[in-house]
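1. My questions concern the predicted model and sequence given below.
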Amino acid sequence: VNFDKLITNYGALAFVDAAGTADANNFHWQGTNHLYDGTLIIGNDTNAIFMDVFNADKTLTFADDTIQTITSTDSITTTSAYIDNVGLGIRVTQTTKVYTDTAKANFILYKYDITNTSGSDILGLMVSMYLDWDVEPNYATNQGGADTINHAYWQYNVSNPNLLFGMMRLPTNTAVIGFELVNNPTYIYPNAGWVHSELWGLMNSGTVNIGNTPDDWASLLTVAQFDLPASGTRTEYFAIFGVDTTQVSIDSLARTINRIVTDVRDIPKPKVSLPVSYSLTQNYPNPFNPATTIDFNLPQASLVKLD
């Protein structure tokens, strides 16, 4: 497998200890960790945002289930759940899937079932994924990029622009609200974390901004805004990836992910059974009516003539 990915049951997509040291398995890709911190973000107002990132915002969620793991011959699936601690009344069930097949080991799939447990409608919810990539060898010389056709957004180090780390909303033809390459010296350093009013402003920007100079950046992908009725559930899908584009293009990666995205959706693929022989059924109604229907089956596409 090309990488190891840390999984949590409280909304975080990475772990950083109190001393500011990132876990070595946050996104350990081909021998090196490239992810400093990250989280799913949900909210509907500056004062009603929950996430788990940096020391300042590690009390906004509660774990609501242990991490359950299922290992198969080609993949590892986990499920867990957490609830918000900001008074919204939301429970998030997280399902992840990572493949042991090296042809698919460039990414991990995330499914989030967002359920309203408050007893009332929740209006104007927004969902974002935030990843503070520190692409080695130097986090201060990162830049960003985007494929707005496949809705893939990434960071890279200027020393190797072919090695990309990023995220996609799934399916990749699903529109997003916006993407911001967040300048950490501007938004994060001054307060050792997010100012929620500034975060909310970026989530609502509605633009794609990938920056233009090397610096310490993070990625903020905002995918949806919606009303969630009482007891209702909204499901969102993401992929987090690392890829060497000298080996696999972003377009090829997106097509691979789209082909298998039903694995994390748990939607069975429809099965179509073709006839094995020719058959002709009785017409209906009888031919003394103004019109009649004749059904027939063919085992392969053919020209048909009825006499």
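-> Structure's in. What do you need? Numbering: from 1, shown residues only.

2. the longest helix in the chain is where?
-> In the chain, assigned by DSSP state H, the helix with the most residues is helix 250-260.

3. Show me what that one is in contact with.
-> 103-104, 106-107, 109, 147, 149-150, 152, 154, 164, 168, 170-173, 239, 241, 243 (C-beta atoms under 8 Å, 6 or more residues apart in numbering). (Each C-beta comes from the backbone N, C-alpha and C, glycine too.)

4. name the element residue 153 belongs to?
-> strand 152-157 (DSSP states H and E).

5. and what of residue 81?
-> Counting by DSSP H and E, residue 81 is found in strand 75-84.

6. to the chain's geometric centre, what's the distance from that strand?
-> 13 Å (C-alpha atoms, centre = their mean, to the nearest Å).

7. cool, and stretch 251-260?
-> 13 Å.

8. Next, the contact list for residue 10, please.
-> 52, 61-63, 82.

9. 10 Å instead?
-> Taking C-beta atoms under 10 Å, 6 or more residues apart in numbering as the criterion, residue 10 is in contact with 39, 51-52, 58, 60-64, 80-83, 85, 92, 94.

10. Tell me which helix or strand comes right after the strand holding residue 153.
-> strand 160-170.

11. Give me the residue ranges of the stretch 151-300 of the chain where confidence is low.
-> Within the stretch 151-300 of the chain, the ranges that satisfy pLDDT under 70 run 262-300.

12. same thing but at 50, please
-> For the stretch 151-300 of the chain, applying pLDDT under 50 flags the ranges 266-273, 287-289.

13. if you go through it in chain order, where are the strands?
-> 152-157, 160-170, 178-183, 208-209, 217-228, 233-244, 279-280, 296-297 (DSSP state E, counting those that start in this stretch).

14. most tightly surrounded among these?
-> Among the strands of the stretch 151-300 of the chain, strand 152-157 has the highest mean neighbour count (mean count of other C-beta atoms under 10 Å), at a mean of 24.
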